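Visitor: model the following, please.
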Amino acid sequence: MSDNNKTDNITRRSFIAKTATLAAFTIVPRHVLGGPGYLSPSDKLNIAVVGIGGKGASDTTSVSSENIVAFCDIDSKILNSSGISRKYPDAKRYQDYRIMFDKQKDIDAVMIATPDHTHAVISMESIRRGKHTYTQKPLTHTIHEAQTLAAAARKYDVATQMGNQGQADGLPRRLREMIWDDAIGPVREVHVWTDRPNRGLLGVYWPQGIARPTDTPVIKSGLDWDLFIGPAPMRPYNPAYHPFSWRGWWDFGTGALGDIGCHSLDPVFRALKLGYPISVQANSTLVNTETYPSGSMVTYEFPARGDMPEVTVKWYDGGLRPQRPAELPDGYPLGDNGTIYVGDKGKIFNHMLLPRTLAEQYVKPEKTIEASPGHYQEWINACKGGPKAGSNFDWAGPLTEVVLMGNVALRLDMREKLDKHKLLWDADKKQFSNVPEANKFLHKTYRDGWTL
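Guide: Okay, here's the model as predicted:
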């Protein structure tokens, strides 16, 4: 080895050592390098989960590739002893999401799986603090909340996703390609139905069409009832509301339509490129001011879109169903849940092309819609700078608005009005144009101490 080589090696070693020393003093946090909320794709998100007693548990499992750093639940027993909380013993625990946000500064993203009436206030707090936000369906409890959350997500530039997991599946993508390929011709009518809140001989998922309970039992140990009530009007504790039956109460849930509509109407909206409807009508069993009716039918009319004609979408719940398609083979069940697209040339029943003669002749188009990496992975990727998730709030907000328009039409106050009119929607003014009384249901008055 020559003296020059020795010198060269010593110089290189000295340079590397000096560089390493300098680097030790110049490392800066990731959020400084990339701006607020910046994450490298290789980083793991620090995720907090609000509401872990039900869907929140499976949501947590679905993002287990990331760091679960906090749990929040109004029920301390669930918070401290549920299976999902025991799986992450190092995650900090809170009963009040506001305290969690104030105290824990390492949170990158938040998942929200609380009762519907608290979705908006918790999601808004998360968004305003610059946290990426995943909120279970329906996105909100009111139409105004859905509009406001979507606008806030854009303003604060956070990654969002609503929990309608089926939007990421392959079958709805294939259905879109078939409809866009003119498989059944122009679609002019769609029927969508669910058995919720019923489940056949097994009883009900949750009761609807009932009155408020009059008994006032002692509040369940560990439950913060004030936090459960949140922005809703205060009422005495009763197990009729918590932990699951809140879905059927006007003050807390969004009924069968709100629970399932954001799932089963999503493919319809994407395939038919729907926006806001022209009108909404509803019929139901007896309804009161406490709970949703036990069964209902809601009819939406949508305007023409490009080369797609006007279309009517009919929703059925509580065991109500459309007429059986004449083209369906004898003995084939209609089922408790399903969708029928009615076109000029044929029908699609739950992805089955009808009539059979059409199905035998039709050649499916090549796949053109990119596959999803998975509903939860979409959101994780978006949080780390990837493309927007498929049900981000710019999509989920308007979808939720339309779903909740049906609930406005189901209100007791609307029953007599809709005997004489159908509700007309003004998309520019974002209100009903012909029945002003319906607009009071676009939002609600929050209890003192709660704001959006």
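
Visitor: now the one residue sitting closest to the centre of the chain: how far from Gly319?
Guide: Closest to where the C-alpha atoms of the chain average out (CA atoms, centre = their mean) is Lys137, at 2.7 Å. According to CB to CB, to the nearest Å, Lys137 and Gly319 sit 22 Å apart. Glycine gets a C-beta too; all of them are placed from N, C-alpha and C.

Visitor: and His191, by the same measure?
Guide: For His191, the distance to Gly319 - CB to CB - is 14 Å.

Visitor: of those two, which one has the most company?
Guide: Shown here are His191 and Gly319; by other CB atoms under 10 Å, His191 has more neighbours (22 against 17).

Visitor: how close does that one sit to Pro213?
Guide: From His191 across to Pro213, the span is 35 Å (CB to CB).

Visitor: same deal with Lys444?
Guide: Relative to Pro213, and taking CB to CB, Lys444 is found at 22 Å.

Visitor: more neighbours: which of the two?
Guide: Neighbours per residue, other CB under 10 Å: of Lys444 and Pro213, the larger number sits with Lys444, 17 against 14.

Visitor: could I get the contacting residues of the more buried one?
Guide: Neighbouring residues of Lys444 by CB atoms under 8 Å, 6 or more residues apart in numbering: His141, Thr142, Pro231.

Visitor: can you tell me which of those residues is nearest Cys72?
Guide: When those are ranked by distance to Cys72 (CB to CB), Pro231 comes first, at 16.7 Å.

Visitor: stretch 393-404: which residues count as buried?
Guide: Phe393, Trp395, Ala396, Gly397, Pro398, Leu399, Thr400, Glu401, Val402, Val403, Leu404 (16 or more other CB atoms under 10 Å).

Visitor: nearest to Arg176, out of these: which one, please.
Guide: Of all those, Arg176 sits closest to Trp395, with 14.1 Å by CB to CB.

Visitor: where's the closest one, which helix or strand?
Guide: For Trp395, the element it lies in under DSSP states H and E is helix 393-409.

Visitor: what's the next secondary structure element after that helix?
Guide: Using DSSP H and E, the helix or strand that follows helix 393-409 in sequence is strand 423-426.

Visitor: one step back: so what's the residue nearest to the centre of the chain scoring on pLDDT?
Guide: Looking at Lys137, its pLDDT is 98.

Visitor: go ahead and confirm it touches Met162.
Guide: Yes - the pair formed by Lys137 and Met162 meets the contact definition of CB atoms under 8 Å, at 5.4 Å.

Visitor: my guess is Arg415 meets Val287, correct?
Guide: Yes - if you go by CB under 8 Å, Arg415 and Val287 touch, sitting 6.9 Å apart.

Visitor: these two: which is more packed in?
Guide: In this view Arg415 and Val287 are compared by other CB under 10 Å, and Val287 has more residues nearby, 22 against 16.

Visitor: and the closest residue to that one other than its chain neighbours, helix, strand or coil?
Guide: Leaving aside its sequence neighbours, Val287 sits nearest to Pro293 (CB to CB, 6 or more residues apart in numbering; 4.2 Å). Using DSSP: H, G, I helix; E, B strand; the rest coil, the structure places Pro293 in coil.

Visitor: mind listing what Pro293 touches?
Guide: By CB under 8 Å, 6+ apart, the contact list for Pro293 reads Gln208, Gly209, Gly255, Ser284, Thr285, Leu286, Val287, Gly318, Leu410.

Visitor: how close does the fifth one get to Leu320?
Guide: The spacing between Thr285 and Leu320, counted by CB to CB, is 9 Å.

Visitor: give me the common contacts of these two.
Guide: Contacts common to Thr285 and Leu320, judged by CB under 8 Å, 6+ apart, are Gly295, Ser296.

Visitor: which one's more surrounded, the two?
Guide: Leu320 (18 against 13).

Visitor: got the contact list for the more buried one?
Guide: Going by CB under 8 Å, 6+ apart, Leu320 touches Trp193, Gly295, Ser296, Met297.

Visitor: export the residues you listed to TSV and tack on secondary structure, pLDDT and distance to Ser65?
Guide: Formatted as TSV, the contacts of Leu320 follow (DSSP: H, G, I helix; E, B strand; the rest coil; pLDDT from 0 to 100; distance: CB to CB, whole Å):
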residue	secondary structure	pLDDT	distance to Ser65
Trp193	strand	98	36
Gly295	coil	96	41
Ser296	strand	96	40
Met297	strand	97	42
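
Visitor: can you tell me which of these is nearest Glu366?
Guide: Trp193 (31.6 Å).

Visitor: number of nearby residues for the closest one?
Guide: By other CB under 10 Å, neighbour count at Trp193 equals 24.

Visitor: now it. Nearest residue, chain neighbours left out?
Guide: In space, Trp193 is closest to Tyr316, 3.9 Å off (CB to CB, 6+ apart).

Visitor: list the contacts for that neighbour?
Guide: His191, Val192, Trp193, Thr194, Ser296, Met297, Pro322.

Visitor: for the fifth one, name its beta-bridge partners.
Guide: Judged by DSSP bridges, the bridge partners of Ser296 are Ser284, Asp317.

Visitor: about what we covered before: and the contacts of Tyr316, which are buried?
Guide: Looks like those have His191, Val192, Trp193, Thr194, Ser296, Met297, Pro322 buried, using 16+ other CB under 10 Å.

Visitor: C-alpha coordinates for the strand or helix carrying Pro267, PDB please?
Guide: Counting by DSSP H and E, the element that carries Pro267 is helix 266-272. This file holds the C-alpha atoms of helix 266-272, laid out as PDB (Å, rounded to 0.1, in the frame of the first residue of the first chain):
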ATOM      1  CA  ASP A 266     -72.100   3.000  -1.500                       C
ATOM      2  CA  PRO A 267     -71.800   0.600  -4.500                       C
ATOM      3  CA  VAL A 268     -74.900   2.100  -6.100                       C
ATOM      4  CA  PHE A 269     -73.500   5.700  -5.800                       C
ATOM      5  CA  ARG A 270     -70.200   4.700  -7.400                       C
ATOM      6  CA  ALA A 271     -71.600   2.600 -10.200                       C
ATOM      7  CA  LEU A 272     -74.300   5.100 -11.100                       C
END
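
Visitor: what sits up against it?
Guide: Contacts for helix 266-272 (CB under 8 Å, 6+ apart): 164, 166-167, 172, 175-176, 179-180, 187, 190, 192, 274, 302, 305, 308, 311, 313, 339, 341, 391, 399, 402.

Visitor: list the ones among these that fall in helices.
Guide: Of the positions in the contacts of helix 266-272, Pro172, Leu175, Arg176, Ile179, Trp180, Leu399, Val402 sit in helices, assigned by DSSP state H.
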